[in-house]
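Colleague: The sequence and its predicted three-dimensional model are supplied below.
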Amino acid sequence: MSDTLLVELLTEELPPKALRRLGEAFAEGVVKGLAKREMCDASATSRAFATPRRLAVSIAGVKAQSEPRAIEVKLMPVAVALDANGQPTPALRKKMEAAGLANADPSTFRRKVDGKAEMLFADSRTPAVPLAQALQGALEEALAALPIPKVMSYQLEDGSTTVQFVRPAHGLVALHGTEVVDVAALGLKAGRMTRGHRFQGAESVSFASADEYEQRLVNEGGVIASFDARREEIRRQLEAQAGHAQAGLGPASGVYDALLDEVTALVEMPTVYAGEFERDFLAVPPECLVLTMRQNQKYFPLFDAAGKLTNRFLIVSNMRLEDPVNIVQGNERVVRPRLADARFFFETDKKTRLADRVSQLRTVVYHNKLGSQLERVERLRRLASRIQSMLPRGDKGKPYADRAALLAKADLVTLMVGEFPELQGVMGKYYAEADGEEPSVARAVEQHYWPRFAGDALPTGDASIAVALADRMDSLVGMFSIGQRPTGDKDPFALRRAALGVIRILMETPLSIELLPLIRQSLELFPEVLDDRVETVVSEVWSFMRERLDNLLRERGYTAHEVAAVLEVQGTESQHDRLDLVPRRLEAVRAFQKLPEAGSLAAANKRISNILRQAMQKGEQYGFVEEGALDEALERDLYRALRDASTAATPHFERGDYTEYLKSFAVLKAPVDAFFDGVMVMVDEPELRRKRLGLLSELQWQMNRVADISKLAA
């Protein structure tokens, strides 16, 4: 007989940022454990529940006991199991008893070769396992596998037994249909009773059957048990309250989603109320007010139609009251000192110019092997100025990048950033504006941190771009120069993010800056730590960034073959080291692959690459050849076809039209196929071999200027 199984663990308040993950893991662990014990299907319909005080799972179609099934038991080698007369040995009798076959007839056992030995096998049946036994094992495994951020130790009511769990547990429910399942966990025996909302629900809620769980918790317990249902209810109420106030919740973002998840993990019966604060606080930069409301108070700020912060906010409460005036006023009183602190920090910080704070960076350690933040600022100034000079406008010769790099880290020693490190750069911009700095300088102080995450906006303007690139390149080459490379999933200095930032800026802005020279120029600022390892570090940084580029392009939908074809030629000539050309090259490769001749030419290129590689390994010397030096008609036909195609293709390459460049070589399919059908390249005669290698070398160079076509071969 199968029925719905409910398992609930009642606890003290669980860590909110981990709640959703804990709920999903608990449900998945119980289902997996029962499926392993054949009490339900691995794909059984289940629902996970998670509130601040409970983890639960409901599983449909769970059996009351597992079904016996026929199995084959491998006993032991025949030579050990039977004596010379074919009778069971004591060793076999002992094995039969251990396998539950004490009463079996040995004459019914089968002999089969298993590996190198002849083994004895017996037919048996698995015993029927009751649900209580199976659930006990599954529950213990699920609890042991929970992704608990930090384990607590606490004593049970007996005063002597110590239990370890994420939070003290106070109740266990285990119901199969209408029957309590006799299991225990964390010193608790299972029953059918749980507790409702701390203040607005029944102190105890008893379930007659497992199917009642969710609805009775709502009706009697004042608890929405489903995390997703509670989250959706909060979202609905937030949008309704914002609409009533003719305001918005701000742009959709990861910050909004994270806050929504967190407040969902803090309440069991959510109700949204509106509060407000004095308009005078709006003189403080909105980022400060928004951050303190979201981070410290878990409030949702409201914005007007233009996206400007208003003096109103929404509170997600765990209390549903007819008259919430006390809740609203209490929250308004709590938020006021927070906003007052932000205003104090802002007004106090503005009394000291950013430029006057730079000297304080001398006492802020960047890295014990790379000096202070002040020393880093000096490196950023030199590198940013060099990069600015490479940009198309170069800010018309004005030293904006140098000035922005000087001020870029000065807000690290302000009160506001000391309280809210997330506002680095943002506050620097406001303070630079208050000091009367050039707009492009103030903008660069903020935007040199862009992009901060995947999909974030890129810096705009030469000064911003120059300082953003300098900041990341200094981190990359500096950390690599002292051996601080990311390993596995450990990246304490966020070098992967820095590399992706450089790649995105160079590729998407786009900028005609070559990557290898940029790495070398950045390394010139670290003479004291490099010694004679410059080329090694250059190679390491370049390889690391190429890996990031490879991953980024694959995430954007390009195939491994397409990416390999383009990146294989990266750095082989100066213009191949420009990341701004990579998207065009990839699109050219995609267009080339659609040509009917593409497969044959890719295969031919692969063959050519193998021939030339083998020749190089043997020390063969060859160079491009002239038509007059070629003897056979097939050689001259290929030479002329290559020259004609190259003549047509070169203008496309010079214009950057890589798609048409590659398409120009489609005409080579026939002469290339004919050449390989009728000509042996690696002949014994040295001069003839040299000419043919030279012809193939030119063919490879011409066709692979955009991408290594051989990488497209299946």
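Modeller: Structure received.

Colleague: Could I get the pLDDT score of residue 109?
Modeller: Confidence at residue 109, expressed as pLDDT, is 89.

Colleague: who's in contact with it?
Modeller: Counting by CB atoms under 8 Å, 6 or more residues apart in numbering, residue 109 makes contact with 75, 81, 120, 121, 122. All C-beta atoms are positioned from the backbone trio N, CA, C, and that covers glycine.

Colleague: taking the residues you listed one by one, which sit in helices?
Modeller: With DSSP state H as the criterion, helices contain residue 81 from among these.

Colleague: Can you name the next helix or strand after the host helix or strand of residue 340?
Modeller: In this assignment (DSSP states H and E), residue 340 forms part of helix 325-349. Downstream of helix 325-349, the first helix or strand assigned by DSSP H and E is helix 354-357.

Colleague: all helices of the stretch 251-400 of the chain, in order?
Modeller: With DSSP state H, counting those that start in this stretch, the ranges of helices along the stretch 251-400 of the chain come out as 254-264, 286-291, 297, 325-349, 354-357, 373-390, 400-407.

Colleague: Name the residues of the helix holding residue 340 that come out as buried.
Modeller: For helix 325-349, burial by neighbour count (16 or more other CB atoms under 10 Å) applies to 327, 328, 331, 335, 338, 339, 341, 342, 343, 345, 346, 349.

Colleague: For residue 115, see how far away the second one is.
Modeller: It refers to residue 328. 76 Å (CB to CB, to the nearest Å).

Colleague: Please apply the same query to the third one.
Modeller: The gap separating residue 331 from residue 115 is 72 Å, by CB to CB.

Colleague: what does residue 233 give?
Modeller: Taken as CB to CB, the span from residue 233 to residue 115 is 61 Å.

Colleague: With residue 273 as the reference, name the closest of the helices of the stretch 251-400 of the chain.
Modeller: Closest of those to residue 273 is helix 325-349, at 5.2 Å (criterion: CB to CB).

Colleague: among the helices of the stretch 251-400 of the chain, which is nearest residue 132?
Modeller: Using CB to CB, those put helix 254-264 closest to residue 132, at 33.5 Å.

Colleague: Could you chop the protein up by domain?
Modeller: Domain segmentation of the chain under automatic domain parsing yields 2-66+130-219, 70-125, 227-349, 355-557, 584-712.

Colleague: mind listing what residue 290 touches?
Modeller: 250, 301, 309.

Colleague: any idea how far residue 605 is from residue 379?
Modeller: Distance, residue 379 to residue 605, using CB to CB: 44 Å.

Colleague: Ignore what I typed, I meant residue 644.
Modeller: 19 Å.

Colleague: hmm, back to that, next one: the helix holding residue 340 to chain centre, how far?
Modeller: Its chain's average C-alpha position is 36 Å from that of helix 325-349, according to CA atoms, centre = their mean, to the nearest Å.

Colleague: in a strand, that's where residue 57 is, yeah?
Modeller: Yes: membership of residue 57 in a strand is supported by DSSP: H, G, I helix; E, B strand; the rest coil.

Colleague: residue nearest the centroid of this structure?
Modeller: In the chain, the centroid-proximal residue (CA atoms, centre = their mean) is residue 454; its distance is 9.2 Å.

Colleague: Now that residue. Nearest residue, chain neighbours left out?
Modeller: residue 500 (7.5 Å; CB to CB, 6 or more residues apart in numbering).

Colleague: And the one you found, how far from residue 352?
Modeller: 35 Å.

Colleague: just so I know, which of the domains of the chain lies nearest residue 577?
Modeller: domain 355-557 (4.2 Å).

Colleague: For this structure, name the helix or strand with the lowest mean pLDDT.
Modeller: Counting by mean pLDDT, DSSP states H and E, the chain has its least confident helix or strand at helix 527-530, which shows a mean of 71.

Colleague: downstream neighbour of that helix in the secondary structure list?
Modeller: Using DSSP H and E, the helix or strand that follows helix 527-530 in sequence is helix 534-555.

Colleague: so which of the helices of the stretch 251-400 of the chain gets nearest residue 216?
Modeller: helix 254-264 (21.0 Å).

Colleague: Give me the distance between the closest one and the centre of its chain.
Modeller: From the chain centre to the centre of helix 254-264 is a distance of 18 Å (CA atoms, centre = their mean).

Colleague: That one - what's its average pLDDT?
Modeller: 92.

Colleague: Tell me which residues of it come out buried.
Modeller: Neighbour counts over helix 254-264 (16+ other CB under 10 Å) mark 256, 259, 260, 261, 262, 263, 264 as buried.

Colleague: list the helices and strands that helix packs on?
Modeller: helix 16-36, helix 227-244 (3 or more CB pairs under 8 Å, 6 or more residues apart in numbering; DSSP states H and E).
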